[in-house]
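Got a sequence here, can you model it:
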Amino acid sequence: MLNITFGWIWITLGFLTGAALGMGFHRDTFMGGYGSWCRRLTRLGHIAFFGTGFLNILAGLTVLALKLDTSTIGWTVSLNALIIGAIAMPLCCFIAARWKRAKPIFVLPVLSLSLAGIGFSLLLSLHALARTAGAAP
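Next up is the predicted model:
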C-alpha cells in the first residue's frame, strides 16, 4: 500500500508543479525560452512526478493482484528503490535545471529505478516459474 499511496501523492505533486509552471509558460522568455536548458529540465522534473508516480501505483497494484509476499529482501529492496528513484528524479531535474554542472547527480535516480526494474523483472519471473512448476500438464 505504501507504493500506491506514494504514487498518488507524486501524481498530485505533478499537478501542482504543472500549475506552477503554467503560470508563466505563455511568455516567450519564461525560464530562458522554450528550448532553454533550465526550462527543459524543469519540465522533465514535472513529468517525472507523473511517470514515477504511475510506476509506484503499478508496482503496488501488481503486489496486490498477485498476492505477493513482499517480506523478502528482494521485494523490500525493489519497492523501496522505486520510491527512492521517484523522489530523486524530479529533485535531480530541478537541481540540474539551475546548475548544469550537477548533471552527474542523475546517477542516483537512474541506478535506483534500474535496480527496481531489474528486481521486479526477476522476482516476477521467479513467481511465474514457481506457479507454472506446480501446474498440472
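
Over the host helix or strand of Ser114, what's the mean pLDDT, rounded is fine.
In this structure, Ser114 sits in helix 107-133 according to DSSP states H and E. Helix 107-133 carries an average pLDDT of 95.

Tell me where this structure has helices.
In the chain, the helices defined using DSSP state H lie at 2-22, 37-65, 73-98, 107-133.

Show the low-confidence segments of the chain, by residue range.
Flagging of the chain using pLDDT under 70 yields the residue ranges 31-32, 134-137.

nearest to Asp28, of the helices of the chain?
In terms of C-beta to C-beta, the element of these nearest to Asp28 is helix 37-65, at 11.0 Å. For the C-beta atoms, the positions are set from N, CA and C on the backbone; glycine is no exception.

What helices and strands are in contact with the closest one?
Applying 3 or more C-beta pairs under 8 Å, 6 or more residues apart in numbering; DSSP states H and E, one finds that helix 37-65 contacts helix 2-22, helix 73-98, helix 107-133.

among the ones you listed, which is the most enclosed?
Among these, helix 73-98 has the highest mean neighbour count (mean count of other C-beta atoms under 10 Å), at a mean of 19.

Can you tell me which residue sits nearest the middle of the chain?
Taking C-alpha atoms, centre = their mean as the criterion, Thr52 is the residue nearest the geometric centre of the chain, at 2.3 Å.

Quick check: it touching Ala81?
No: the criterion here is C-beta atoms under 8 Å, and Thr52 misses it with Ala81 at 11.4 Å.

what touches both of the two?
Jointly contacting Thr52 and Ala81 under the rule C-beta atoms under 8 Å, 6 or more residues apart in numbering are Leu113.

Thr106 and Arg40: what is the separation?
You called it Thr, but residue 106 is Phe. Phe106 sits 14 Å away from Arg40, going by C-beta to C-beta, to the nearest Å.

related to what we said a few turns ago, could I get the helices and strands packed on helix 37-65 as TSV with distance to Ala48?
Listed next are the helices and strands packed on helix 37-65 as TSV, based on distance: least, C-beta to C-beta, whole Å:
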stretch	distance to Ala48
helix 2-22	8
helix 73-98	4
helix 107-133	8
